[in-house]
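> Quick one, fold the following:
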Amino acid sequence: MAGADTNELPGFIAVETGDEGGLPLAIAWSLPDGRVKHTLIQPDDDWLNEELVALGGYSLEELTSMGVSPLDVIRELETDHFNETLYTAGVGDDEAALSRLFDTYGLDPFVELAPAESLYSSLASDDWSRARGELFGELGLEPMRPDHEVEVMLHLHQRLEGGED
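As a prediction, this is how the structure comes out:
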């Protein structure tokens, strides 16, 4: 939950995978001031040795040259959100992807994930999902892209908490 500073926003996170239960390909999370960090993830060699590795819309060269190592992702996340709860639109999928990152190095996750809609006790889960879907259209953003997912959750939070229409 956001701290005592009313300008501080809750942390939101999203992870893109190649398919259900697939490799973590890209990750994004928000900072308390509303900025969004986003990066591609270099696949670990052990991940690539598995059968039927799905890389989504990315090439191996693109992930290797433009991505950062899973350990660097973990370090950056630790710097920004150690022992915090982060909110997501897809808890199960994001937990599985984060677990894969941490398991690669034998580490226990230091963040807890919770459904983003749990921030809004007066709003039905279906209403949150519907508002989220509408906001993607309003903003011209794409679901499944982690940076867009986080951006939409931030805008939706500001709308719901700030009373915007």
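> lowest average confidence, helix or strand, in this structure?
When each helix and strand of the chain is scored by mean pLDDT, DSSP states H and E, helix 45-48 comes last, with a mean of 80.
> So which bits of that one are buried?
Using 16 or more other C-beta atoms under 10 Å as the test for burial, helix 45-48 gives residue 47. Every residue, glycine included, has its C-beta placed from N, CA and C.
> Can you list the helices and strands that it packs against?
On a contact count with 3 or more C-beta pairs under 8 Å, 6 or more residues apart in numbering; DSSP states H and E, helix 45-48 meets no helix or strand.
> Other residues contacting it?
By C-beta atoms under 8 Å, 6 or more residues apart in numbering, the list of residues contacting helix 45-48 from outside reads 23, 53, 60, 100, 104.
> The fourth one: helix or strand, and which one exactly?
Secondary-structure element containing residue 100, defined by DSSP states H and E: helix 91-103.
> what residues does whatever helix or strand comes next after that helix touch?
For helix 91-103, the succeeding helix or strand toward the C-terminus, using DSSP H and E, is strand 112-115. Strand 112-115 is contacted from outside by 13, 84, 85, 86, 87, 88, 89, 91, 94, 95, 98, 125, using C-beta under 8 Å, 6+ apart.
> now the angle between helix 91-103 and the host helix or strand of residue 72, please.
Assessed by DSSP H and E, residue 72 sits inside helix 70-81. Orientation of helix 70-81 against helix 91-103 (axes from the mean of the first three to the mean of the last three C-alpha atoms, to 10 degrees) gives an angle of 120 degrees.
> Run through who's touching helix 70-81.
Under the contact criterion C-beta under 8 Å, 6+ apart, helix 70-81 has outside partners 11, 24, 27, 29, 31, 37, 39, 41-42, 44, 68, 101-102, 104-105, 107, 110-111.
> Can you turn the buried part of those residues into a PyMOL selection?
Selecting only the buried entries of the contacts of helix 70-81 in PyMOL, with 16+ other C-beta under 10 Å as the criterion:
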select buried, resi 11+24+27+29+37+39+41+42+44+101+102+104+111
